[in-house]
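S.K.: Below is the sequence, then the predicted model.
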Amino acid sequence: MIIAPSILSADLYNLENDLKKIGNADWIHIDSMDGVFVNNLTFGSNIVHAIRPHTDQLLDCHLMVDRPEKYIDAYAEAGADIITIHYEATPHPHRVLQQIREKGIRAGISINPGTSVEAIKALLPFVDLVLVMTVNPGFGGQSFIPEMLDKVSLLSDLRRINSYSFYIQVDGGVTNETAVDCVEAGADCLVSGSYVFNQEDPQEAISHMQNL
Ligand SMILES: O=C(CO)[C@H](O)[C@H](O)COP(=O)(O)O
């Protein structure tokens, strides 16, 4: 199981120290929010640029921004390994996914709780990752919406039937308990923010989830 702690819940004043606390994680999840697509503002490609020289962990960039096509070049130049855009954020998701892959970067598509898997079926051959939001995007520390697990199961079936190879990532309210349900439904990558960073020993929490 791939674990991607979200630095949305890190202490930005002590980011270097907090990155050490999650040093055994496979990926680092970077939540960019623009105050338009979601009602919150966080960070942009500048944080990718700042972290990149200091880790070999994959930088997994989740763009909760309107019209993500405007920012792909900046994230590519900053050193992103994965860029996930929201299906709901652009009228041209297929074009933006192509734009990401043309940069040699893995491309992900994310869906809000109100968006069905059917809506992104035509995009599945063109993605390296599908992110199922299990909270409404915008804030950390929200409660997991269990009904979203049906989407994870459906994606897992579609992946098997069509021999696709995208990762199925779950994000929002992931704890040691909800992680078990995500794994059973077919997820292979879990984003966890507040749960991981609130633990006495984040590395132990990460390795527990990695072994699910
Ligand atoms: O994308 C996000 C919010 O939009 C966060 O990645 C997500 O909510 C993780 O935080 P937590 O584990 O605290 O729910």
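M.R.: Looks like it came in fine. Numbering: from 1, shown residues only.

S.K.: Tell me where this structure has helices.
M.R.: Using DSSP state H, the helices of the chain run over 15-21, 45-51, 72-78, 93-102, 149-162, 176-185, 194-197, 202-210.

S.K.: Which residues lie in contact with the nearest residue to D34 once chain neighbours are set aside in this structure?
M.R.: Leaving out its chain neighbours, the residue that sits closest to D34 by Cβ to Cβ, 6 or more residues apart in numbering is V65, at 3.9 Å. C-beta: built from backbone N, CA, C; applies to glycine. When contacts are counted by Cβ atoms under 8 Å, 6 or more residues apart in numbering, V65 touches 32-34, 36-37, 71, 86, 89.

S.K.: T175 and the ligand: what is the separation?
M.R.: 8 Å (Cβ to the nearest ligand atom, to the nearest Å).

S.K.: Please report the distance of the residue lying closest to that residue once chain neighbours are set aside from G173.
M.R.: Ranked by Cβ to Cβ, 6+ apart and with sequence neighbours excluded, the top spatial neighbour of T175 is Y195, at 4.4 Å. Distance, Y195 to G173, using Cβ to Cβ, to the nearest Å: 8 Å.

S.K.: With D157 instead?
M.R.: 23 Å.

S.K.: what about the two, which has more around it?
M.R.: Each of D157 and G173 has its neighbours counted (other Cβ atoms under 10 Å); G173 has more, 22 against 12.

S.K.: Pull the number of nearby residues for the closest residue to the more buried one other than its chain neighbours.
M.R.: Take G173 and drop its neighbours on the chain: the residue closest to it by Cβ to Cβ, 6+ apart is F144, 3.0 Å away. By other Cβ under 10 Å, the residues close to F144 number 20.

S.K.: F144 touches T134, doesn't it?
M.R.: Yes: taking Cβ atoms under 8 Å as the definition, F144 is a contact partner of T134 at 5.1 Å.

S.K.: residues shared between the contacts of these two?
M.R.: 172-174, 178.

S.K.: pLDDT added to those, as a markdown table?
M.R.: Formatted as a markdown table, the shared contacts of F144 and T134 follow (pLDDT from 0 to 100):
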| residue | pLDDT |
| --- | --- |
| G172 | 98 |
| G173 | 98 |
| V174 | 98 |
| T178 | 98 |
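
S.K.: Which one (most neighbours) among those residues?
M.R.: V174 (27 neighbours).

S.K.: Distance check, the residue lying closest to it once chain neighbours are set aside against V170.
M.R.: Spatially, and ignoring its direct neighbours in sequence, V174 is nearest to S192 (4.2 Å; Cβ to Cβ, 6+ apart). Separation of S192 from V170 (Cβ to Cβ): 9 Å.

S.K.: same deal with N17?
M.R.: To V170, N17 is 27 Å away according to Cβ to Cβ.

S.K.: of the two, who's got more company?
M.R.: V170 (29 against 10).

S.K.: does the more buried one really touch C182, like I thought?
M.R.: Yes: counting by Cβ under 8 Å, V170 touches C182, with 4.5 Å between them.
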